[in-house]
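Colleague: Give the three-dimensional model of this entry:
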Amino acid sequence: MISDLKSLHESHRATWNGDLPADYGSADAEYRLLRESCGWIDFSNVGKAILTGEDRKGWLQGQITQDLRNFGDGTYAQACILSPTGQIVADIGLWGLGEEFAMLLPSTSAEAALKRLRQMLILEDVKIEELTSSHGLISIQGPTASEILGDRIELPRLSAGVVQLKKGEVRLLRHDRSGMGGWDLLFPSELVKDVVKILDGIEPVGYSAWNAARIEVGIPVYGQDIDERTLAMEMGPDFISRTISFDKGCYTGQEIVQRIHARGHANRSWVGLIAEDEFAAGANVSHPNREDAGKVTSYANSPDYGPIGAAMIRAEVARDGDIVSIQTDKGPISAEVVIMPIRQV
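Modeller: As a prediction, the model looks like this:
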């Protein structure tokens, strides 16, 4: 599978940047695909698992932050797996597919999250099958993704379904990774050639374009914007509204979540930044009222907004429209704080 996908990347003259190519020749053109048409992105490095068993829904209800009472076939939920003290072990996507749940996890925390879930199994009828190394995942992202993909394969009416190809099945998962909608294709390695055929004529998108697009719409990346020390309630109102239910029963970490919710805010908040010049992830952020205001977690040069980023900063200076200072090699630069998302879609 890896060789087939690698040759597909190289056929587009990709420049590599870790797990995902930085670009395929023009990051700006690839960004326009995400905003105006569609392109495919290789997320085969993410964690993947299938949950089966009669008790999977009731058991998982006690493990994650989202309410699954109305979760069923064809539905989708975002959630977090938390530590007992409220820190994020993983932020996940969950889809109902008949007699199974499909779960996608961050590549940097999938192992720890799946280990944690298995430790919580006692007598429940639940089986967790990891697919990370045996399956690939290609995402078609952009406003025309459903139209283009729907001309090639039959899309589910809701948010999840299965398409039967000649040599096996591909799980189709509705997943907005860039702000304009899209679909993930989760497939076993032996079907990679068939998936490559589905992609024919759709242009690839590299990390640079996707990184700018996802920062604009407030999609965090575990290992950059979130780590094992990050409290769920620090991730800002948009993230909280998507991933946390305050009306469900008990789950691990709930006490901390509810305590911060009752107080009204966490001590820190994940926010967007629009800057006057380039900066870098890891840079210190200061404010007239607090020199050690926080740190930049992500950076991108957006074709629409210019230098943008995300930062975890103190709540007292995390107000929309506040001006902060970012430290760079060339000296401090000014940036405006924006409560996520930067782009309203």
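Colleague: Any idea how many residues pack against Glu228?
Modeller: 14 (other Cβ atoms under 10 Å). The way it works is simple: take the backbone N, C-alpha and C, and place the C-beta from them, glycine included.
Colleague: What pLDDT does the model give it?
Modeller: With respect to pLDDT, Glu228 has a value of 95.
Colleague: check contacts around the residue nearest to it when sequence neighbours are not counted.
Modeller: Closest residue in space to Glu228, ignoring its immediate chain neighbours: Gln87 at 5.9 Å, by Cβ to Cβ, 6 or more residues apart in numbering. Listed by Cβ atoms under 8 Å, 6 or more residues apart in numbering, the contact set of Gln87 reads 228-232, 253.
Colleague: If we use 10 Å, what do you get?
Modeller: 80, 226-232, 234, 253, 256 (Cβ atoms under 10 Å, 6 or more residues apart in numbering).
Colleague: Which pair of the residues you listed spans the longest distance?
Modeller: Asp227 and Ile256 (16.5 Å; Cβ to Cβ).
Colleague: of the two, who's got more company?
Modeller: Neighbours were counted for Asp227 and for Ile256 using other Cβ under 10 Å; Ile256 has more, 19 against 14.
Colleague: List phi and psi for the closest residue to the more buried one other than its chain neighbours.
Modeller: Once flanking residues are discounted, Ile256 sits nearest to Gly86: 3.0 Å by Cβ to Cβ, 6+ apart. When quoted as degrees, to the nearest 10, the phi and psi of Gly86 stand at phi 90, psi 0.
Colleague: Could you double-check that Gly86 lies in contact with Val257?
Modeller: Yes: counting by Cβ atoms under 10 Å, Val257 is a contact partner of Gly86 at 5.9 Å.
Colleague: what residues do the two have in common as contacts?
Modeller: Common neighbours of Gly86 and Val257 (Cβ under 10 Å, 6+ apart) are 65, 80, 231-233, 266.
Colleague: so which one among these has the lowest pLDDT?
Modeller: Ala266 (94).
Colleague: Return the distance of it relative to Phe239.
Modeller: 12 Å (Cβ to Cβ, to the nearest Å).
Colleague: cool, and Ile140?
Modeller: Per Cβ to Cβ, Ile140 is found 24 Å from Phe239.
Colleague: And for Ser208?
Modeller: Counting by Cβ to Cβ, the gap from Ser208 to Phe239 is 23 Å.
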